[in-house]
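> Prediction below, plus the sequence it came from.
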Amino acid sequence: MISTRIFLIGFMGSGKSSVGKELAKLLQYQFIDLDEEIEKREKKSISAIFSESGEHHFRKTEQFVLKDIIHNNHVVIATGGGCALHENNFQIMEKEGTTVYLEAHAGTLFHRLAPVKKNRPLIASKGDIELMEYISDTLQERSPYYHQAKIKTDAGGSISDVARTIEIQLHNNS
């Protein structure tokens, strides 16, 4: 039986929100974007939270919201890129559902993020070279955490192909 809670983890730009929406449709589950939930509750954008209150406040809020929404069943949850690394969030997700790592190469991430970086507080002020270095370095640091996920899938394909691949993997692992 497929887990009633699917947690998508991975680097920003790996497609967690887009794939999550498609996967939720395939599974007939509800979709929750953790960042959107944080924005609703804080009544401000992620960028505003970072600039006004700092990353520490954001991470505390992120964990609070994660613990709150974890009680939902039949849900696909797209987490933020750093969520799995902070506090004991990964352990919470592993205990409460199935973690799925959307793995994307640094070059793929760069091409996805460069055009929209102004909307991403951690990379908004970076030039192209700085952005590529940040992606490469941060991806290397985070990979050991991401690779602990129960399911790992290549996020380089189309949204529908990645979602279908995850659905198959979920059935195979149940």
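Right, received. Where do you want to start? Residues are numbered from 1 along each chain as shown.
> in what helix or strand does Lys60 lie?
helix 46-69 (DSSP states H and E).
> And Tyr145, which helix or strand is it part of?
helix 128-146.
> List the contacts of the helix or strand following that helix.
Using DSSP H and E, the helix or strand that follows helix 128-146 in sequence is strand 151-154. By Cβ atoms under 8 Å, 6 or more residues apart in numbering, the residues outside strand 151-154 that reach it are 98-104, 146, 162, 165-166, 169-170, 173. C-betas here are computed from N, CA, C, even on glycine.
> For strand 151-154, give the mean pLDDT please.
Strand 151-154 shows a mean pLDDT of 97.
> and if you look at stretch 98-114?
On average, stretch 98-114 scores 96.
> Buried residues, that stretch. List them.
Going by neighbour count (16 or more other Cβ atoms under 10 Å), the buried part of stretch 98-114 is 98-106, 108-110, 112-114.
> Next step: those restricted to helices.
106, 108-110, 112-113 (DSSP state H).
> follow-up on the earlier one: state the pair within the contacts of strand 151-154 that is farthest apart.
Farthest apart among the contacts of strand 151-154 by Cβ to Cβ are Ala104 and Asn173. That separation is 21.0 Å.
> Quick one: residues in contact with whichever helix or strand comes after the helix holding Lys60.
Remark: after helix 46-69, the chain's next helix or strand is strand 75-78, criterion DSSP H and E. Applying Cβ under 8 Å, 6+ apart, the external contacts of strand 75-78 come out as 4-8, 16-17, 19-21, 23-24, 27, 29-35, 66, 69, 97.
> Filter the residues you listed down to just the ones in helices.
16-17, 19-21, 23-24, 27, 34-35, 66, 69.
> of all the residues you listed, which comes closest to His56?
Among the ones in helices among the contacts of strand 75-78, and counting by Cβ to Cβ, the member closest to His56 is Leu66, at 15.8 Å.
> what about the closest one, how many neighbours?
24 (other Cβ atoms under 10 Å).
> cool, and Glu52?
Around Glu52 there are 12 residues (other Cβ under 10 Å).
> quick one: it and Lys43 touch, right?
No: with contact defined as Cβ atoms under 8 Å, Glu52 does not reach Lys43; the gap is 11.7 Å.
> And the worst-scoring helix or strand of the chain on mean pLDDT, what's buried?
Least confident helix or strand of the chain, by mean pLDDT, DSSP states H and E, is helix 46-69 with a mean of 92. Neighbour counts over helix 46-69 (16+ other Cβ under 10 Å) mark 46, 49-50, 58-59, 61-63, 65-66 as buried.
> same deal with stretch 12-29?
12-20, 22-24, 27, 29.
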